[in-house]
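**Q** what follows is a predicted protein model with its sequence.
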Amino acid sequence: MFEVYNLSRKMAQHCSKSPWSLIASHLDLLSYITPPSRDDFPFSARDLRSGDKAKVMLASFLHSRLFTHQPNEQTRPRPVLVPVTDFLNHHWTGAPYSYDRYRAVVMRRSAPLPGNGDECFASYGLHDAYDTWISYGFVDEDVPFAQSLFTTVDLPRTGKIRLGLMTPETNGMVVSVRDLRTYIPPILSRKGKCLNIGAVLIPGPQAPRALRRALKLLIGELGAPRNRHRDLVIAAEEQIIDANLTYYAELKSLLKRLTVDNEVHRAIRASFVRLCEQQIARVRNYIGYAEY
């Protein structure tokens with residue numbers, strides 16, 4: 001696998017496309033983008049601040065290609081490279097990874113996508129465009145939904161809901177966005193009138209009111225009277241939308257102010273700005289879908 005990567009210059013391509021190349025050279029971006037606080041993420045903000053760019057680029061390259069495999073229920077999951085499927089492009093409607101009865105990793109052929117000929121696509125997971133950019137180094141322009149960023153929803157006289165950053169995946173297997181249960185975030189913990197929950201998806205036209213349904217369930221968990229549910233759902237939704245719009249607007253502004261001194265980083269910045277613009281458009285479009 002490494003010989004193929006070297007012959008095809010995959011590492012060089014990664015260094016010229018990955019947002020971490022730009023972030024490692026412009027640490028001001030760490031106020032908005034920090035490495036995900038997950039056990040499987042291979043480097044930290046400390047690595048970036050130390051100036052060890054080689055470690056950051058190699059670790060981010062490998063992370064973008066690793067699959068979490070659990071050979072059986074008695075063993076711990078471990079990261080592996082997956083030949084053949086390593087070279088399949090991602091699409092949010094692509095074929096998911098799964099296990100057969102022998103715990104072998106399998107993937108079915110994906111359905112053809114209009115305009116893409118006979119190409120087979122994999123689904124790397126339930127990722128929005130921001131996550132594919134940070135984790136894999138490409139802006140997914142086709143995905144219709146956005147994953148809400150970390151924020152706290154404060155509902156007076158009812159409680160608080162802290163939206164987390166955990167992606168709704170299990171053991172490396174992919175959850176289908178076509179399954180409405182995908183839009184119901186897991187409750188990670190609760191303390192009194194405060195819920196800590198997993199990732200919340202801001203849906204596109206395929207499930208326009210799924211976020212409101214999820215929020216209604218969470219507000220019910222806080223014990224709010226039924227006659228207040230609708231008003232509380234709208235208040236929570238507004239806070240989520242405002243937090244995401246503010247984040248992407250401020251990040252876009254910061255990116256545009258950067259002094260970038262080479263062509264590679266200018267191209268990466270342009271992709272980063274485009275991502276922010278597209279996420280803002282997705283979130284704004286959602287408001288129309290939900291009201292329709």
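**A** Cool, got the structure.

**Q** so which strand or helix has the closest residue in space to Phe121 that isn't next to it in sequence?
**A** Distances taken as C-beta to C-beta, 6 or more residues apart in numbering place Gly94 nearest to Phe121, at 3.3 Å, with adjacent residues excluded. (Each C-beta comes from the backbone N, C-alpha and C, glycine too.) In this structure, Gly94 sits in strand 90-95 according to DSSP states H and E.

**Q** next SSE after that strand?
**A** strand 97-99.

**Q** what helices or strands is that next one leaning on?
**A** strand 105-107 (3 or more C-beta pairs under 8 Å, 6 or more residues apart in numbering; DSSP states H and E).

**Q** so which bits of the strand it packs on are buried?
**A** 105, 107 (16 or more other C-beta atoms under 10 Å).

**Q** tell me what it is packed against?
**A** Packing contacts for strand 105-107, counted by 3+ C-beta pairs under 8 Å, 6+ apart, involve strand 97-99.

**Q** rewinding a little: quick check: mean pLDDT of the strand holding Gly94?
**A** The predicted model gives strand 90-95 an average pLDDT of 89.

**Q** and if you look at stretch 48-66?
**A** 91.

**Q** identify each buried residue in it, please.
**A** Those would be 48, 56-61, 63-66, for stretch 48-66 by 16+ other C-beta under 10 Å.

**Q** neighbouring contacts of it?
**A** 10-11, 14-15, 18, 20-21, 23-25, 27, 30, 35, 40-43, 47, 79-81, 86, 135-137 (C-beta atoms under 8 Å, 6 or more residues apart in numbering).

**Q** what do you get if the cut-off is 7 Å, keeping everything else the same?
**A** 11, 14-15, 18, 20-21, 23-24, 27, 30, 41-43, 47, 79-81, 86, 135-137 (C-beta atoms under 7 Å, 6 or more residues apart in numbering).

**Q** from these, which ones fall inside helices?
**A** Among those, the ones falling in helices (DSSP state H) are 11, 14-15, 20-21, 23-24, 47, 135-136.

**Q** out of these, which is nearest to Lys256?
**A** The shortest gap between Lys256 and any of the ones in helices among the contacts of stretch 48-66 belongs to Ile23, at 15.5 Å (C-beta to C-beta).
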